[in-house]
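[1] have a look at this prediction, sequence included:
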Amino acid sequence: MKIGVLVPLRQEIEQEFDKMRVMGIETCQLCGWDKTAFTEALAHRVKTAATERGIEITAFWCGWEGPAVWNFTGGPLTLGIVPAAYRHERMKTLCLGSDFAKQLGVPDVITHIGFVPENPSDSGYPELVEAVRFIGRHCERNGQYFLFETGQETPVTLRRLIEDTGLTNLGINLDPANLLMYGKANPIDALDIFGSHVRGVHAKDGEYPVNGRELGVEKAMGQGRVHFDRLVAKLHRIGYTGALTIEREIDGEEQIQDIKAAKTLLSGILASL
């Protein structure tokens, strides 16, 4: 397993890759939320900058337009492709993101698809399955996997959705902190349910919710409830060989210091395997 970091897609991508090199990190997930940036010109610039610096882009994290409320009340109405009001445009954006990732030569496309219904008999569930199937087939034509980032659904619900599409190019980007912050599962136990589908991992820490409306709090690695020594050991046992991509959802110097500390912690864990 390699250690990576989540990098924002921007015109001055060289600066982001240079920061990685200074920290001794050589893999990343590239994250873009603005579809107007998914251009051939920027793809060429990103690919050239990565090649020149020896950076491996393991996945493209594709965001989408429109409202996004990251809590338990507004979230089901606004996030991902679950809300029918935003589904069509966001499906088009995710397909554009897949095309952009193809230009980069990146094999995996990741997103949050929203609060998937826990009840498979929910009236909106069949249409969601068809929407996922449409995006998944687009990625398949581009030689890619389409990955669901964990958090907004239980592991069983996520596995069921993958099974119900009937596609073989769907997978999971395991964000262990999200599983805790959304109150959906212990990430180590979750691997017993969907571990064979994991193709990416976010190295992020967090806490369970403390009320019924707001997510749990993200924390610097080692300060939350994700036991990374046990998590990484279990990933190793089930045969995961991909990257551990550090994500710290703050800005500034504190973010850089927390990323460096996370790298040190993960390096020690990997050395002990």
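    Structure received. Numbering: from 1, shown residues only.
[2] just give the closest residue to residue 89, not the sequence neighbours.
    residue 65 (6.4 Å; CB to CB, 6 or more residues apart in numbering). (Glycine included, C-beta is placed from N, CA and C.)
[3] can you show me the helices along the stretch 1-150 of the chain?
    With helices called from DSSP state H, counting those that start in this stretch, the stretch 1-150 of the chain shows them at 13-22, 40-53, 75-78, 84-104, 125-141.
[4] which stretches of this structure form strands?
    Taking DSSP state E to define them, one finds strands in the chain at 2-8, 27-32, 56-62, 108-111, 145-149, 170-174, 198-203, 205-206, 218-219, 243-246.
[5] could I get those strands as TSV with distance to residue 17?
    Output for these, formatted as TSV (distance: least, CB to CB, whole Å):
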stretch	distance to residue 17
strand 2-8	7
strand 27-32	8
strand 56-62	10
strand 108-111	19
strand 145-149	22
strand 170-174	21
strand 198-203	19
strand 205-206	25
strand 218-219	24
strand 243-246	15
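[6] reformat those as CSV; add mean neighbour count, distance to residue 120 and mean pLDDT.
    What follows is the strands of the chain, written out as CSV (neighbours: other CB atoms under 10 Å; distance: least, CB to CB, whole Å; pLDDT from 0 to 100):
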stretch, mean neighbour count, distance to residue 120, mean pLDDT
strand 2-8, 21, 32, 98
strand 27-32, 22, 30, 98
strand 56-62, 23, 26, 98
strand 108-111, 25, 21, 98
strand 145-149, 23, 16, 98
strand 170-174, 25, 16, 98
strand 198-203, 23, 22, 98
strand 205-206, 26, 28, 98
strand 218-219, 19, 30, 98
strand 243-246, 25, 31, 98
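[7] and of those, who's closest to residue 47?
    Nearest of the strands of the chain to residue 47, taken as CB to CB: strand 56-62 at 8.3 Å.
[8] what does that closest one contact?
    Under the contact criterion CB atoms under 8 Å, 6 or more residues apart in numbering, strand 56-62 has outside partners 2, 4, 6, 26-32, 46, 50, 93-94, 97-98, 100-101, 104, 106-111, 147, 149, 173, 199-200, 242-243, 245.
[9] so for residue 153, what's the nearest residue that isn't a sequence neighbour?
    The shortest distance from residue 153 to any non-neighbouring residue, by CB to CB, 6+ apart, is to residue 116 (4.2 Å).
[10] neighbours of the nearest residue to residue 178 once chain neighbours are set aside, how many?
    The shortest distance from residue 178 to any non-neighbouring residue, by CB to CB, 6+ apart, is to residue 151 (2.9 Å). Using other CB atoms under 10 Å, residue 151 has 27 other residues around it.
[11] and residue 151, backbone torsions?
    Residue 151 adopts backbone torsions of phi 140, psi -50, taken as degrees, to the nearest 10.
[12] many thanks, I have nothing further to ask.
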